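*Asks:* Predicted structure and sequence below. I'll ask about it afterward.
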Amino acid sequence: MGMSSSQARLLSITARLTDNEFHSQRLTNEQMKLSSLTEDARMEYSKALDSTKLMFTTFNDSGMSDSVQLTPNMLYSYQPTKNQYAISNAAGKILVTATDAANFKKSKTLIDFLQCYDSTIGPQEYEDLAENPKYQSYLDALDAWYLRKPKIEDFYTSGSESILYQNFERASSSCFNNAVSASTYSGCYLHVLAHMIDLTLDDSGKPIGYPKNYTTTTGDSVVIQSGEITGSAINSANQTPNMVGVSNAIANGYDFDNNGVLDVIYAYDRNKKQSGNEEQNQSDTLTQTLLSKGYSQDVVDDIISTLSSDKLLDGTATDADKLLSNYCLAPNGTPVLKTLKQKCIDLFYAVENRVADYNSVLKPIIYSFQDDLVNTFKKFEDEDYAKAISDWEALKPEEVPMFVNVTKTRIIIPDKEKSQWYTNLWYRMNGSKTPQLIASQLMEEDYDTTSTYYTLEDEPKNPENINTNKYFSILDGNLATSSKWISDAVSQGVITMERVQCDRSNKENKISWNSIIYTNAIDISSEDDSSGISSAEAKYQMILNEVNLKDKRYQSMLKKLDTEHNALQTEYESVKSAMQKNIERSYKAFNG
C-alpha cells in the first residue's frame, strides 16, 4: 500500500472513530435521561400514595347521610339541611359561580337577587301602624306647656294683711343675715330661734320666765337663757315685741292676727299642696334655692335627704339627721311632720351644739328653714292660684296619637331556609359579612290570624359594587367542577373557607360569615384517593417498562459501537505501523 493511500485510510479510520465516540456519548446521555425520568416517576408515584381527597357530608330529610367528593359547585349548591360555605382568595374576595355572578350583576337590590332563585312572593300591600311624624312636635309642645305651669310659691303674698310675715321678716332679717354670711360658725340664728320658742315679755318689754327647758326629738335637753333674747340684734333694734305674735302662732299653731289656722308647709313638702309630688317640689323650690346660693348638687342632694323622711325609714339616720329632719317617727313607726315649735327646738340644739359642719350642713338648713318660715307667714291667694291653673290647663296642646295607620308593601318569603341561603350569599358578594336575618311576622286579620309569614327588608346594592366586582371573583368553570383543585388549594392555603354561623349569645340572633379551617368543619372530611393512587401506579409502571426497554436498546447499541470501536482502533494501529515501516525503508534507500 502506497504512502498516500495509507494516509487516506488512516484519516478514514480516525473519522469513523470520532463518529463512534459521538454516538456512544449521545447514547450515554440518553441513559442518564432515563434515570431522571425514572426518578420523576418515582416521586410522582410517592406523592400519589400520600394524596387525599376532600369529602362533603350531607343529610336528607330522613337524617340519612351521604358523602360526595367536594367541589366548588357542590359547596355552593343549596340544600335545606346543609351548612353554607364559601371560598375566598388571598385578596378576601369570595369566589362564586358564573351563574351567581350573573344574577348579582343584573340585580339592583336584594329582592331582585332572591327573585332569580324563585325565593320571594310579592310585593303585597297591607295596613300597618307607623310612628306619627307630628308626635315629636306634640311632645315638645307638651314639655313647653308643663314648664309654664303656675308655681305655688308665686301666690304667697306679703301685703299689709299678712302681719305675721311683716313682723317676722323685719325682726329676723339682721340675725339671719349675720348667720348665713359668716364664713365660720355663728350662733346668731340661735337668737331668731329663741324668739320663736314661747317668747314671753313683761309690761316693760323684758323677757320673763327664763331659763326655759325643752326636750329634742332625740331626748336631749335644751335650755334657753334670757340672754339669747336681750343680747340679740333683734332686741337691739327694738323688734323683740313684734316676735311675740310669731312665737304665739308657732306655739299654738294658730294665727291670732288673721284668726285662722297657721298652715305650716316646709319647703320639701310645700308643693304637695299643688301637685302631691315630692320630687317636683324638691326640684322646684329647695333645690333651686340652695343651688342659687352656690352649693353643689351633691350637697343639695344630701340636705334634701336629711330633711325628708328617707333616712328615718331606711334606718340610716344619725342623731344629727333626726334633729335636722322635718320629720319624726310616730310610735307606730310612721314618719310625721314635726310641729314648727319642735322644729325650732331641734334646730336650736343642733346649731348650739354644732352637730354637723356649719358651712356645708347647718347653713343650708338655716337657709331652708328661714325660707319655710317666710312662706308659712305669707298669705296664700287661693282664688288667684285656681284661676291661673285653669287658664294654664286651657292652653294644653291637643293630644296627637303616637302611631297612625299607613299602607305598606311587603315581600313574602315562601321558603325561609332557601331565601336565607341566598340572602347570606348576596350580602357577602355585596361586601358585608353580617347578613340580615329573615324575620317571622304574624299575619294581619285580612289574611290569616292563625299563621305567620316570613319577610325581610330590601337592601340596595353597594354603590362600589355596581360596575365592578369589588367583593367577588368569578370561578373558572373547569375549577368549579374540580375536586382536586379545591383540595389542593385549601390544603396549600391558596384559598380560605368561610362558613355562615349564627350567634345565639343574646336575645337577638345574629348571623355572620366567619373564616374557618377546613379541618375544623364537621361536614368536611378527607380520605385516601384510591383512584388517584391506582392511576399513578399504572403510570409509574408504564414509565418503568418504557425505560427498561430503552435502556436495553441503548446497551445493545453501546456494545455494538464498542466492538466497532475496538476493530477500528486495531486497524488504525496496523495502518499506522505499516506507514512507519515504509518511512523507515525510504530513509535507508536515500541514505544507502
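*Replies:* Perfect, thanks for sending it. Note that this is a predicted model, so its numbers are computed, not measured.
*Asks:* from here on, contacts and neighbour counts on C-alpha atoms
*Replies:* Will do.
*Asks:* you'd agree residue 222 is in a helix?
*Replies:* No: assigned with DSSP: H, G, I helix; E, B strand; the rest coil, residue 222 falls outside any helix and is strand.
*Asks:* which ones are touching it?
*Replies:* 213-216, 345, 348-349 (C-alpha atoms under 8 Å, 6 or more residues apart in numbering).
*Asks:* Show me what it bridges to in the sheet.
*Replies:* Beta-bridge pairing of residue 222 under DSSP bridges involves residue 214.
*Asks:* what's the answer for residue 405, then?
*Replies:* Beta-bridge partners, per DSSP bridges, of residue 405: residue 129.
*Asks:* isn't it right next to residue 129, touching?
*Replies:* Yes: shown here, residue 405 and residue 129 form a contact pair, counting by C-alpha atoms under 8 Å, at 4.7 Å.
*Asks:* could you give the mean pLDDT of the helix or strand containing residue 39?
*Replies:* Assigned by DSSP states H and E, residue 39 belongs to helix 3-50. Averaging pLDDT along helix 3-50 gives 68.
*Asks:* For the closest residue to residue 79 other than its chain neighbours, give me phi and psi.
*Replies:* Take residue 79 and drop its neighbours on the chain: the residue closest to it by C-alpha to C-alpha, 6 or more residues apart in numbering is residue 418, 7.8 Å away. With angles defined as degrees, to the nearest 10, residue 418 sits at phi -70, psi -40.
*Asks:* Please report how far residue 418 lies from residue 119.
*Replies:* 7 Å (C-alpha to C-alpha, to the nearest Å).
*Asks:* out of these two, which sits in the busier spot?
*Replies:* Neighbour count, other C-alpha atoms under 10 Å: between residue 418 and residue 119, residue 119 has more, with 21 against 17.
*Asks:* Determine the number of other residues adjacent to residue 401.
*Replies:* With other C-alpha under 10 Å as criterion, residue 401 counts 12.
*Asks:* domain ranges for the chain?
*Replies:* Taking automatic domain parsing as the reference, the chain has its domains at 3-51+531-591, 86-130+404-476+492-525, 157-394.
*Asks:* For residue 59, find the nearest of those.
*Replies:* Nearest to residue 59 among those is domain 86-130+404-476+492-525 (9.8 Å), distances taken as C-alpha to C-alpha.
*Asks:* So for that closest one, mean pLDDT?
*Replies:* Computed over domain 86-130+404-476+492-525, the mean pLDDT rounds to 83.
*Asks:* And stretch 211-227, by the same measure?
*Replies:* Per-residue scores along stretch 211-227 average to 95.
*Asks:* same thing with stretch 553-569?
*Replies:* 74.
*Asks:* Please apply the same query to stretch 306-324.
*Replies:* Mean pLDDT, computed over stretch 306-324, is 86.
*Asks:* In CSV, list the C-alpha atoms belonging to that stretch.
*Replies:* Output in CSV follows, covering the C-alpha atoms of stretch 306-324 (Å, rounded to 0.1, in the frame of the first residue of the first chain):
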residue,chain,number,x,y,z
THR,A,306,-81.7,64.8,105.6
LEU,A,307,-84.8,67.0,105.6
SER,A,308,-87.0,64.2,104.2
SER,A,309,-88.1,61.0,105.9
ASP,A,310,-85.8,58.8,103.8
LYS,A,311,-83.1,58.2,106.3
LEU,A,312,-85.6,57.7,109.1
LEU,A,313,-87.3,55.0,107.1
ASP,A,314,-84.3,53.1,105.9
GLY,A,315,-82.7,53.2,109.4
THR,A,316,-79.6,55.1,108.4
ALA,A,317,-80.5,58.4,110.3
THR,A,318,-77.9,59.6,112.8
ASP,A,319,-79.0,61.8,115.8
ALA,A,320,-77.9,64.8,113.8
ASP,A,321,-80.2,63.6,110.9
LYS,A,322,-83.1,63.2,113.3
LEU,A,323,-82.6,66.7,114.7
LEU,A,324,-82.3,68.4,111.3
